[in-house]
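S.K.: quick one, structure for this:
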Amino acid sequence: MRSTLVRRTVLTASAVSLALLATACGSDKADTEGDAKPDPRPSAPSAAPAAKGRTDAELAGLLVTQADVPDYVVNAQAAAKLSKVDENQLTTDKAACKVLVQTQALQKIGKPAGVARTALGAKPKEPAAGASPEEKLEAVKNALGTTVTATGLSSYDGQGAQETLAAFKTAGQICAGGFSSTSEGETTKYESVAAGPAVNAGDEAVSLSLAIDLEGGDKGTLLLVMARKGGTVASFSSISLLGKADSPTALIDAQVKKLG
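M.R.: Okay, here's the model as predicted:
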């Protein structure tokens, strides 16, 4: 049976895909919820060697918005649902691999000073004016197969950000042969972990590709990326309802750029 964690990940993709369907059917109104919030970005930091981590409120103002990534549809509520997996009931058969499923579920890793989350899906190509029923159906199919990315920001005091990214990188090596996770009594098998598409963002970044064993013998590919900018880590968990996720390069670049 598909685990609670994977099911919520897929539901997140479904929620964003539904928003994308509205776009594919000709809606020109972007989801701008949260766009009007003031930007609480702090002024340029001094040369202090160990800056304090940013708070929840500060990070919320640094999340990408519709204006930052116009080729995406934002659905913050979907990410909020995904992050509600009970961390106390999430276990892995290899302790080092837990950071991977924590990243997938946008859970807190270590002891961050603040966190913020959202979810986005790349806008599919809309059918041309006067498109045939078959072409419109193809547009809907493309919308459902769009890669959805849950995005999280975590900020740390001291060396917390460096330690978090180091743990993520180490997990990619230790868990290469696969591992399993259990959430709320249900188990998911990750068949392998390998290097993902190259990412060049922030002070350092790591990209991983996880092969997941789903229900009925289906297979899925989950892309996980961590990028660090100073004491803040941006994490990206990408999945497609059709099983193969595309690397959200433009989204990663836009989000890391907002971190300063």
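S.K.: what segments of this structure are helices?
M.R.: Assigned by DSSP state H, the chain shows helices spanning 4-24, 56-60, 76-82, 98-104, 133-144, 160-174, 249-258.
S.K.: any idea of the mean pLDDT in the shortest one?
M.R.: Right, the one you point to is helix 56-60. For helix 56-60, mean pLDDT rounds to 96.
S.K.: okay, it in CSV with CA atoms only?
M.R.: Provided in CSV are the C-alpha atoms of helix 56-60 (Å, rounded to 0.1, in the frame of the first residue of the first chain):
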residue,chain,number,x,y,z
ASP,A,56,9.1,32.3,10.1
ALA,A,57,7.7,35.7,9.3
GLU,A,58,11.0,36.8,7.6
LEU,A,59,11.1,33.6,5.5
ALA,A,60,7.5,33.9,4.5
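S.K.: so where is the stretch 101-250 of the chain shaky, pLDDT-wise?
M.R.: Across the stretch 101-250 of the chain, the ranges flagged by pLDDT under 70 are 127, 136, 139-144, 215-217.
S.K.: quick one, strands of it?
M.R.: Assigned by DSSP state E, counting those that start in this stretch, the stretch 101-250 of the chain shows strands spanning 114-122, 148-155, 179-183, 186-195, 204-213, 219-229, 232-239.
S.K.: starting from the first one, tell me which strands it pairs with and how they run.
M.R.: Strands flanking strand 114-122 in the sheet, each with its direction: strand 72-74 (antiparallel), strand 148-155 (antiparallel) (DSSP bridges).
S.K.: any idea which of those strands is most buried?
M.R.: Highest mean neighbour count of these: strand 148-155, a mean of 28 (counted as mean count of other CB atoms under 10 Å). Every C-beta, even on glycine, is put in place using the N, C-alpha and C of the backbone.
S.K.: re earlier: dump the strands paired with strand 114-122 to JSON lines, plus distance to residue 226.
M.R.: What follows is those, written out as JSON lines (distance: least, CB to CB, whole Å):
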{"stretch": "strand 72-74", "distance to residue 226": "20"}
{"stretch": "strand 148-155", "distance to residue 226": "9"}
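S.K.: residue 81 is nearest to which of these?
M.R.: strand 148-155 (10.0 Å; CB to CB).
S.K.: and that closest one with helix 249-258, angle?
M.R.: Per axes from the mean of the first three to the mean of the last three CA atoms, to 10 degrees, the angle that strand 148-155 makes with helix 249-258 is 20 degrees.
S.K.: may I have strand 148-155 as PDB, with CA atoms only?
M.R.: Extracted in PDB, the C-alpha atoms of strand 148-155 (Å, rounded to 0.1, in the frame of the first residue of the first chain):
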ATOM      1  CA  VAL A 148       4.800  20.000  -9.100                       C
ATOM      2  CA  THR A 149       7.400  21.300  -6.700                       C
ATOM      3  CA  ALA A 150       6.900  21.700  -2.900                       C
ATOM      4  CA  THR A 151       9.300  24.400  -1.800                       C
ATOM      5  CA  GLY A 152      10.600  25.100   1.700                       C
ATOM      6  CA  LEU A 153      12.900  27.500   3.400                       C
ATOM      7  CA  SER A 154      14.700  26.800   6.700                       C
ATOM      8  CA  SER A 155      17.000  29.200   8.400                       C
END
